[in-house]
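Student: next one to model:
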Amino acid sequence: MATLPDFRRLFESAPGLYLVLDPTLRIVAVSDAYLSATMTHREDILNQALFDVFPDNPDDPKATGVGNLRASLDRVVQSGVADTMPIQKYDIRRPATEGGGFEVRYWSPRNSPVLDDAGELSYIIHRVEDVTDFVRLEQLEEQQKVVNSEMQVELLQRARELADVNERLRRADEAKSEFLSRMSHELRTPLNAVLGFGQLLQVDTLTKPQMENVAQILRSGRHLLDLINEVLDLSVVEAGRLTLSVEPVELDDVVREAVTLVGPNASGRNIALLVESDNACWMSGDRQRLLQVLLNLFSNAVKYNREGGSVRATSGCDENVAWIEVEDTGPGIPLERLDRLFQPFDRLGMEATSVEGVGLGLSLSKVLVEAMAGSISVRSVVGEGTTFRLEVPATSAPAGGWEPQRVLDDPKTTIPLEGRVLYIEDNESNVRLVRRIVERRPGVELLTAAQGSIGVELAQHHDPALVLLDLHLPDMHGADVLAQLRATPRTAGLPVVILSADATAEQVTRLFAAGASDYLTKPLDVAKVLAVLDHFLGKTADQADD
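Tutor: Just a heads-up that it's a prediction; the model follows:
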């Protein structure tokens, strides 16, 4: 017959650090590991009051209040619930035979009650986990200040500084991203009306001067849109991932267009614009990017010029290089500031003046010119003016002529359509624009809703053939509207086309994945909107002929 094990011996041999206390806090059992850790002997502490053997230290601020052992045991006695203490520091005295003195250890204690069948407290198990190594690892930096060399301490300080700089850069990058996202919507929304109504005017019956005025509005508006796209896509520019359309560009043509665009600003300050260009010079590059650079240089030359001054543009070329110079009669730039000229957001102190700007144009211009295998340089004389010089690869003139820009088709040549379109949009200017566009398709009825919830309700009760959906709505996001339409059987198959000022690729991809039928970015291209109506509501005239 097997004998019962000696449970006391098993307990004493346990590898953990254990004390067993009675309700009066007398020690009734102790593990060998605890004796070894405290450098005591069983016969010296057994049946002794705990605090006679191991005095508590209420004067130690690290061992008072919630961390005090006596307070923890009192809580267990009163509540009958286990209590885990914060990490405690203990000074353990060595026996005289081992040289005396103290050994510092860090323990994580837990006091657990043992209740009898009646629920009364019989014992308290005081368990200790030695976490000295863990605490010392946490104190490594502090110890390194004493143990390590000055070089190691300096490296630690440098690491902290770099971590702080990285955190500030991270916050700045998040702030920039949020700013660009907000500005994308705020800038594109008013420009939507400018370009949209301008395109509608193109197909109206206008006089030749009126048509020229409309063309100028559209040209300037589209260039402004291009500039907005570049600024809002600053991360792509900074990363060098520019998309270029390389073709032969006539320097005289692009210079004169830039001068024409800045002409009104120059006239307002009585600044003469002088052009001396060689119409036989051609460059190999992206015309729109070059125009963007020249507009920035001409605009700066006007903004920072003196009243009644002048801006002179000259251009020329040889076999390999085409060049353009923009010279102003402004105050000039001190030599010690020229090396900061192409730094983003550095306005060389001009932010303290009334001259508007953000200090981004020259930095972008430098990236654009270098992306076209060119260079940009500057020379300046204080009190006389500043000259910027662009050099780009030269090329020969193209063999063919230029194709004229396609004008928006006259809607009268398109077969009238029939159907109902629901436009969910809270911006009244955008609603008026789309209403005018829809009027170009006789037989199409337009319903509007300024809130997403109302739009969902209208879609369910009026059976539109097409929904045009903005994303920034006052009561809910357009993506949620799309989700509700797709989740309802009656509208699950309804074509939904997004019209949004958010042109980020991530947003477009996300909306297509959510079930959008198409995605048009603002400012709207009227021809594309009409094409969407034709596609989803019927056939175009060409399709009818087929």
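
Student: list the buried ones in the one helix or strand V128 maps to?
Tutor: Per DSSP states H and E: V128 is located in strand 121-130. Neighbour-count burial for strand 121-130 flags 121, 123-128, 130 (criterion: 16 or more other Cβ atoms under 10 Å). C-beta coordinates here come from the backbone N, C-alpha and C atoms, glycine included.

Student: can you list the domains in the chain?
Tutor: If you go by automatic domain parsing, the domain ranges for the chain are 7-138, 150-222, 245-395, 413-545.

Student: in TSV, list those domains along with mean pLDDT.
Tutor: TSV is the format used below for the domains of the chain (pLDDT from 0 to 100):
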stretch	mean pLDDT
domain 7-138	82
domain 150-222	74
domain 245-395	82
domain 413-545	85
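
Student: for the protein, which strand is longest?
Tutor: The longest strand of the chain (DSSP state E) is strand 102-115.

Student: ok, and what's touching that one?
Tutor: Strand 102-115 is contacted from outside by 17, 37, 39, 69, 72-73, 76, 80-94, 121-132, 134-136, using Cβ atoms under 8 Å, 6 or more residues apart in numbering.

Student: now do the buried residues in stretch 378-392.
Tutor: Neighbour-count burial for stretch 378-392 [16+ other Cβ under 10 Å]: 380, 385-392.

Student: pick the one among these closest to G374.
Tutor: Sorting those by how near they are to G374, with Cβ to Cβ, puts V392 at the top with 3.7 Å.

Student: where does the closest one sit: helix, strand or coil?
Tutor: strand (DSSP: H, G, I helix; E, B strand; the rest coil).

Student: which residues in the stretch 1-150 of the chain form helices?
Tutor: 7-12, 32-38, 42-45, 50-53, 69-79, 132-138, 140-147, 150-202 (DSSP state H, counting those that start in this stretch).

Student: kindly reformat those helices as a markdown table and extend each row with distance to A258.
Tutor: Below are the helices of the stretch 1-150 of the chain laid out as a markdown table (distance: least, Cβ to Cβ, whole Å):
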| stretch | distance to A258 |
| --- | --- |
| helix 7-12 | 92 |
| helix 32-38 | 83 |
| helix 42-45 | 94 |
| helix 50-53 | 90 |
| helix 69-79 | 80 |
| helix 132-138 | 63 |
| helix 140-147 | 59 |
| helix 150-202 | 20 |
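
Student: turn those helices into a markdown table, columns for mean neighbour count and distance to L244.
Tutor: Formatted as a markdown table, the helices of the stretch 1-150 of the chain follow (neighbours: other Cβ atoms under 10 Å; distance: least, Cβ to Cβ, whole Å):
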| stretch | mean neighbour count | distance to L244 |
| --- | --- | --- |
| helix 7-12 | 11 | 80 |
| helix 32-38 | 17 | 73 |
| helix 42-45 | 12 | 84 |
| helix 50-53 | 15 | 81 |
| helix 69-79 | 17 | 72 |
| helix 132-138 | 13 | 54 |
| helix 140-147 | 11 | 51 |
| helix 150-202 | 14 | 22 |
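
Student: among the ones you listed, which is nearest S453?
Tutor: Here helix 150-202 is closest among the helices of the stretch 1-150 of the chain (Cβ to Cβ), at 20.8 Å.

Student: just after the closest one, pick out the following helix or strand.
Tutor: helix 208-232.

Student: so what secondary structure elements neighbour that following helix?
Tutor: helix 150-202, helix 251-268, helix 287-303 (3 or more Cβ pairs under 8 Å, 6 or more residues apart in numbering; DSSP states H and E).

Student: reformat those helices as JSON lines; add distance to H462.
Tutor: What follows is those, written out as JSON lines (distance: least, Cβ to Cβ, whole Å):
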{"stretch": "helix 150-202", "distance to H462": "25"}
{"stretch": "helix 251-268", "distance to H462": "45"}
{"stretch": "helix 287-303", "distance to H462": "43"}
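
Student: and of those, who's closest to G493?
Tutor: helix 150-202 (28.7 Å).

Student: F54 - nearest residue in space that isn't next to it in sequence?
Tutor: Nearest residue to F54, sequence neighbours excluded (Cβ to Cβ, 6 or more residues apart in numbering): T38, at 7.3 Å.

Student: the one you found and E336, how far apart?
Tutor: Separation of T38 from E336 (Cβ to Cβ, to the nearest Å): 71 Å.

Student: residue contacts, A29?
Tutor: Contacts of A29 by Cβ under 8 Å, 6+ apart are 8, 11-12, 18-20, 46.

Student: can you check L290 too?
Tutor: Counted by Cβ under 8 Å, 6+ apart, L290 has contacts 249, 254, 283, 368, 372, 392.

Student: ok, now with 10 Å
Tutor: Going by Cβ atoms under 10 Å, 6 or more residues apart in numbering, L290 touches 249, 251, 254-255, 258, 283, 322, 324, 365, 368-369, 372, 374, 390, 392.

Student: same question for V496.
Tutor: Listed by Cβ under 10 Å, 6+ apart, the contact set of V496 reads 422, 424, 459, 464, 466-469, 478, 481-482, 485-486, 511, 514-519, 536.

Student: specify the beta-bridge partners of it.
Tutor: V467 (DSSP bridges).

Student: next one: it from N68, what distance?
Tutor: Distance, V496 to N68, by Cβ to Cβ: 66 Å.

Student: is it true that P489 lies in a strand?
Tutor: No. The assignment for P489, made by three-state DSSP, is coil rather than a strand.

Student: now do the contacts for it.
Tutor: Q460.

Student: from L261, how far off is it?
Tutor: 53 Å.

Student: can you give me the neighbour number for S299?
Tutor: S299 has 18 neighbours, counted by other Cβ atoms under 10 Å.

Student: might one say that I92 is in contact with L17?
Tutor: No. Using Cβ atoms under 10 Å, I92 makes no contact with L17, being 11.8 Å away.

Student: shared neighbours of these two, which are they?
Tutor: Joint contacts of I92 and L17 (Cβ under 10 Å, 6+ apart) are 37-38, 107.

Student: now render these as TSV, adding distance to V532.
Tutor: Listed next are the shared contacts of I92 and L17 as TSV, based on distance: Cβ to Cβ, whole Å:
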residue	distance to V532
A37	79
T38	83
W107	73
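
Student: of the residues you listed, just say which sits nearest to E161.
Tutor: Among the shared contacts of I92 and L17, and counting by Cβ to Cβ, the member closest to E161 is W107, at 35.6 Å.

Student: excluding residues flanking it in the chain, which one is nearest the closest one?
Tutor: Nearest one to W107, counting by Cβ to Cβ, 6+ apart, is V128 at 4.6 Å.

Student: okay, now R110: neighbour count?
Tutor: Neighbourhood size, R110 [other Cβ under 10 Å]: 15.

Student: ugh, wrong one, I meant G332
Tutor: As a measure of burial, G332 has 17 neighbours, counting by other Cβ under 10 Å.

Student: would you check that it makes contact with G309?
Tutor: No. With contact defined as Cβ under 10 Å, G332 does not reach G309; the gap is 11.9 Å.

Student: which neighbours do the two have in common?
Tutor: G385.

Student: still on that earlier bit, tilt between the strand holding V128 and helix 69-79?
Tutor: 140 degrees (axes from the mean of the first three to the mean of the last three Cα atoms, to 10 degrees).

Student: pairing partners for strand 121-130, with directions?
Tutor: In its sheet, and by DSSP bridges, strand 121-130 pairs with strand 17-21 (antiparallel), strand 102-115 (antiparallel).

Student: circling back: please identify which of the helices and strands packed on helix 208-232 is closest to Q507.
Tutor: Using Cβ to Cβ, the helices and strands packed on helix 208-232 put helix 150-202 closest to Q507, at 9.4 Å.

Student: over to stretch 266-283 now: how far is its first residue from its last?
Tutor: This stretch, stretch 266-283, spans 27 Å end to end (Cα to Cα, to the nearest Å).
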